[in-house]
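Trainee: With the input below, show me the fold.
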Amino acid sequence: MSSSIRKTEEVKPDDFAGIRDWVFDLDNTLYPRHTNLFSQIDQRMTSFVAKLLQLPSDEARVVQKDFYRRHGTTLRGLMLEHSVDPDAFLEYVHDIDYSWIDPDPALGDVIAALPGRKFIFTNGDRKHAERAARQLGILDHFEDIFDLVAADLVPKPAAETYDKFVGLHRVDTANAAMFEDLARNLEVPKRLGMRTVLIVPANFEDTFGDVWEHEGHDGGHIDYVTDDLGTFLKSIS
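Mentor: Below is the predicted model of the structure:
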């Protein structure tokens, strides 16, 4: 295990007693990072920026990542600074090959066995979430998908977006848990009283993504860290 990713205490079933709302991010959370599915989306976002701004690919990637860092998503930056049509962007970047995801019936079984409601809460759109969850074989186990459109195109980690989700579904945050691969997206859930679980790559490797993207992964707002969502859920069921 890398020394820079804090390993939390082993989880016990009692730690999640009373949880009735289970909230899951999608990308690199419900499906594992090693599938590399998000790399397809990332490349298409760069391509979109390159075409829009007439930039070479390497310059477009710098601009794309700058939008992501400053605005939470590339789309948010494009909307604010270039008045991009969100529907056109989302359709373009999610035109990818979902067969990269291997079906995971065991994960479906353990999600189905969790008591209460299950939600997908993603900065992507509903179509993308449905396609990915269907390929995993877990789509039917979820009460609803709260996507970027439902969030009025304001992405996590904005506090107002969590408020919208909680209000829409009447979530009792004291009896809810959230699972995420980005530490910064767990800060608000923790303040709201949720149990928080950070999903990291296999073997707790820390050489993944942009360094700034994972700032705070050793923070006190993270209750548990795991590199295997299915095993973690099985251990608390």
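Trainee: Verify the stated contact: V84 with K51.
Mentor: No - V84 is beyond contact range of K51, at 11.2 Å (criterion: Cβ atoms under 8 Å). Every residue, glycine included, has its C-beta placed from N, CA and C.
Trainee: any weak-confidence spans in the protein?
Mentor: 1-9, 205-218 (pLDDT under 70).
Trainee: Enumerate every residue touching the closest residue to P13 other than its chain neighbours.
Mentor: Closest residue to P13 apart from its sequence neighbours, by Cβ to Cβ, 6 or more residues apart in numbering: I236 at 5.1 Å. I236 sits next to 11-13, 15-16 when contact means Cβ atoms under 8 Å, 6 or more residues apart in numbering.
Trainee: Would you mind checking those residues for buried ones?
Mentor: 11, 16 (16 or more other Cβ atoms under 10 Å).
Trainee: quick one, helices of the protein?
Mentor: Assigned by DSSP state H, the chain shows helices spanning 37-53, 57-71, 74-82, 86-93, 105-113, 126-136, 159-169, 187-192, 229-236.
Trainee: Would you mark the buried spots in the fourth one?
Mentor: Read that as helix 86-93. So for helix 86-93, counting by 16+ other Cβ under 10 Å, buried means 86, 89-90, 93.
Trainee: Any chance of the residues you listed in TSV with distance to A150 as columns?
Mentor: Converted to TSV, those look like this (distance: Cβ to Cβ, whole Å):
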residue	distance to A150
P86	13
F89	17
L90	13
V93	18
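Trainee: What is the nearest of the residues you listed to F67?
Mentor: Lowest distance from F67 to those (Cβ to Cβ) belongs to F89, with 11.2 Å.
Trainee: show me the contacts for the closest one.
Mentor: F89 neighbours (Cβ under 8 Å, 6+ apart): 48, 75, 78.
Trainee: Starting from V49, give me the distance back to it.
Mentor: Remark: distance between F89 and V49 (Cβ to Cβ, to the nearest Å) = 10 Å.
Trainee: Spit out the residues that contact these two alike.
Mentor: Common neighbours of F89 and V49, using Cβ under 8 Å, 6+ apart, are L78.
Trainee: Which of the contacts of I236 fall in strands?
Mentor: Among these, DSSP state E puts none in strands.
Trainee: Which one of the contacts of I236 is nearest to L114?
Mentor: Distance to L114, by Cβ to Cβ, is smallest for F16 among these, at 8.9 Å.
Trainee: Thanks again, I'm all set now.
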